[in-house]
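Colleague: The sequence and its predicted three-dimensional model are supplied below.
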Amino acid sequence: MGLDEEIKSLEDEIRNTRYNKATSQHIGRLKAKLAKIKDDAVSRAMKSAGGGEGYSVKKSGDGTIVLVGFPSVGKSTLLNKLTGAESETAAYAFTTLTVVPGLMEYKGAKIQILDIPGLIAGAAMGKGRGKEVIAVVRTADLIVILGDVFNGVHVDVLMHELYDAGIRINKPKPDITIKRTGYGGIRLNTVGAVDMDIEEVRAILAESKVMNADVLIRGNNVTQDDVIDAMMGNRMYIPAFISINKVDLISEDERKEVEDGMREKYGVDPIMISAHSGYNLEKLQDAIYDYLGFIRIYMKPYGEEADMEEPMIMRRGSTIEDVCRRLHRDFVDQFRYAKIWGTSVKHDAAKVGLQHKVADGDIVTIVTKL
Ligand SMILES: Nc1nc2c(ncn2[C@@H]2O[C@H](COP(=O)(O)OP(=O)(O)OP(=O)(O)O)[C@@H](O)[C@H]2O)c(=O)[nH]1
Ligand SMILES: [K+]
Ligand SMILES: [Mg+2]
């Protein structure tokens with residue numbers, strides 16, 4: 001049996017087996033087996049890709065986003081518009097054959113945008129430029145899934161390819177640890193309402209030839225798929241949103257139709273744009289900024305005015321310790337306290353420690369020992 005047939009037959013069997021207590025172990029085993037086969041195929045494809053010319057782009061700026069979409073949806077046109085880059089654009093598919101970077105400055109943040117060749121069905125297994133493209137996508141901090149008003153349905157295919165390539169979209173990494181041991185079989189500990197029994201976990205791990213391990217699962221909605229992902233160990237959890245280009249080519253009514261269809265299908269509002277006319281590009285930039293979780297911190301040297309011109313760009317959830325590390329590696333060791341003016345504290349000029357979480361717009365003074 002060829003690889004494609006083997007995958008198809010496993011997928012069929014999983015689909016046609018009703019999940020219940022009696023079959024859960026069997027399904028777990030089938031899914032784990034399928035994941036393993038796909039993973040081997042993907043890593044073979046990655047290896048043979050060998051970082052082909054033009055595919056190893058150095059990351060720069062405060063975050064990197066990648067434009068993922070079918071050929072000719074307007075990825076290159078959009079990159080050029082947002083960053084002033086000069087990626088080739090044309091009305092035929094596969095105009096772009098390498099990764100083309102651009103830098104967008106927005107609200108004080110420098111955001112790297114990567115334009116890549118179009119992605120097509122089978123990309124995860126290496127079709128088209130799939131393998132090189134996927135390798136780049138896996139390193140991004142945010143994926144913008146770009147469709148156009150005529151190809152909305154392709155979003156399905158893209159999601160499927162990204163999934164096969166081990167990319168998990170808009171999903172926090174499940175809290176699962178698998179610690180291999182030398183003996184003792186599989187031991188399962190759970191924290192929270194985990195609806196999975198040890199036999200299922202055992203069946204999944206056995207597909208990867210893991211017979212001895214301590215497994216700890218925390219959280220309430222952990223599935224077999226999550227355990228398989230944890231077992232494979234190479235999944236990337238990346239935020240993403242959908243944007244639909246070329247709205248200049250359709251009427252107001254048709255635009256609404258596309259939007260409603262997307263909302264119904266994916267439960268999200270796509271950002272409707274026109275790279276040509278510039279329509280809604282600021283909304284797109286705002287979404288990029290928000291999804292990357294950027295906040296602005298203003299530094300105020302001790303006894304001086306705050307620098308309100310050049311914010312320091314941090315991620316939501318960052319602490320004073322993160323701010324210190326960004327400034328100078330000695331700052332953490334030399335740290336005494338920080339003072340903050342802003343919304344993360346109850347009153348201005350409040351003293352805080354290293355673990356304090358900063359908020360957008362905070363003004364920060366770091367006081368060190370010397
Ligand atoms: N009407 C209209 N045409 C657009 C828009 N954006 C891009 N196009 C056109 O769509 C065609 C494809 O644009 P590209 O930017 O080359 O698309 P791409 O996604 O980079 O294509 P590949 O590199 O081949 O995958 C070109 O003819 C563009 O001029 C838009 O907002 N409106
Ligand atoms: K094109
Ligand atoms: Mg292009």
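Modeller: In hand now; what should we look at? Ligands and ions are numbered 1, 2, ... in the order given.
Colleague: quick one: low-confidence parts of the stretch 151-300 of the chain?
Modeller: 152-153 (pLDDT under 70).
Colleague: For it, which segments count as strands?
Modeller: Remark: strands assigned in the stretch 151-300 of the chain by DSSP state E, counting those that start in this stretch are 167-169, 175-180, 186-191, 213-218, 236-238, 240-245, 271-272, 294-299.
Colleague: As a markdown table, these with mean neighbour count would be great.
Modeller: (Glycine included, C-beta is placed from N, CA and C.) Below are those laid out as a markdown table (neighbours: other C-beta atoms under 10 Å):
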| stretch | mean neighbour count |
| --- | --- |
| strand 167-169 | 19 |
| strand 175-180 | 14 |
| strand 186-191 | 15 |
| strand 213-218 | 18 |
| strand 236-238 | 16 |
| strand 240-245 | 24 |
| strand 271-272 | 21 |
| strand 294-299 | 20 |
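Colleague: need those in TSV with distance to ligand 1, can you?
Modeller: Listed next are the strands of the stretch 151-300 of the chain as TSV, based on distance: least, C-beta to the nearest ligand atom, whole Å:
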stretch	distance to ligand 1
strand 167-169	19
strand 175-180	37
strand 186-191	45
strand 213-218	41
strand 236-238	20
strand 240-245	5
strand 271-272	11
strand 294-299	26
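Colleague: Ligand 2: which of those strands is closest?
Modeller: strand 240-245 (11.8 Å; C-beta to the ion).
Colleague: So which residues on the stretch 201-350 of the chain come close to ligand 1?
Modeller: For the stretch 201-350 of the chain, the contact set with ligand 1 under C-beta under 6 Å from any ligand atom comprises 245-246, 248-249, 274-276.
Colleague: got a winner among these for most neighbours?
Modeller: Within these, most neighbours by other C-beta atoms under 10 Å means Asn245, with 28 neighbours.
Colleague: Could you pull up the contacting residues of it?
Modeller: Counting by C-beta atoms under 8 Å, 6 or more residues apart in numbering, Asn245 touches 73-74, 77-78, 146-149, 273-275.
Colleague: Now with 6 Å, please.
Modeller: Contacts of Asn245 were listed using C-beta atoms under 6 Å, 6 or more residues apart in numbering, and they are 73-74, 146, 148, 273, 275.
Colleague: now do Glu200
Modeller: Applying C-beta under 6 Å, 6+ apart to Glu200 gives the contacts 24-25, 28.
Colleague: Let me know the closest of the residues you listed to ligand 1.
Modeller: Closest approach between these and ligand 1, by C-beta to the nearest ligand atom: Gly28, at 38.4 Å.
Colleague: domain parsing for the protein?
Modeller: According to automatic domain parsing, the chain comprises the domains 3-49+174-234, 63-170+237-291, 297-368.
Colleague: For ligand 3, which of these is the nearest?
Modeller: Nearest to ligand 3 among those is domain 63-170+237-291 (3.0 Å), distances taken as C-beta to the ion.
Colleague: returning to that earlier point: got the strands of the stretch 151-300 of the chain as TSV, with distance to Gln355 columns?
Modeller: TSV is the format used below for those (distance: least, C-beta to C-beta, whole Å):
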stretch	distance to Gln355
strand 167-169	29
strand 175-180	21
strand 186-191	23
strand 213-218	22
strand 236-238	24
strand 240-245	30
strand 271-272	36
strand 294-299	16
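Colleague: For Val57, which of the domains of the chain is the nearest?
Modeller: domain 63-170+237-291 (4.9 Å; C-beta to C-beta).
Colleague: Residues of this structure that sit close to ligand 3?
Modeller: Proximity of the chain to ligand 3, by C-beta under 5 Å from the ion, involves residues 75-76, 95-96.
Colleague: same for ligand 1: which of these are within range?
Modeller: Subset of the residues of the chain next to ligand 3 in contact with ligand 1: 75-76, 95-96, counting by C-beta under 6 Å from any ligand atom.
Colleague: Which of the residues you listed fall in helices?
Modeller: 75-76 (DSSP state H).
Colleague: okay, the ones next to ligand 1 among the residues of the chain next to ligand 3 in JSON lines with pLDDT and neighbour count next?
Modeller: JSON lines is the format used below for these (pLDDT from 0 to 100; neighbours: other C-beta atoms under 10 Å):
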{"residue": "Lys75", "pLDDT": "97", "neighbour count": "31"}
{"residue": "Ser76", "pLDDT": "98", "neighbour count": "25"}
{"residue": "Thr95", "pLDDT": "92", "neighbour count": "17"}
{"residue": "Thr96", "pLDDT": "91", "neighbour count": "22"}
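Colleague: By residue count, what's the longest helix in this protein?
Modeller: helix 24-49.
Colleague: Report all helices and strands that it contacts.
Modeller: helix 3-16, helix 130-137, helix 198-207, helix 224-232 (3 or more C-beta pairs under 6 Å, 6 or more residues apart in numbering; DSSP states H and E).
Colleague: mind redoing it with 10 Å?
Modeller: helix 3-16, helix 130-137, helix 154-164, helix 198-207, helix 224-232 (3 or more C-beta pairs under 10 Å, 6 or more residues apart in numbering; DSSP states H and E).
Colleague: The first one packs against which elements?
Modeller: Contact here means 3+ C-beta pairs under 10 Å, 6+ apart; on that basis helix 3-16 packs against helix 24-49.
Colleague: ok but Tyr337 is inside a helix, no?
Modeller: No. Assignment of Tyr337 by DSSP: H, G, I helix; E, B strand; the rest coil gives strand, placing it outside any helix.
Colleague: thought it was touching Val364?
Modeller: No. Counting by C-beta atoms under 10 Å, Tyr337 does not reach Val364; the two are 11.1 Å apart.
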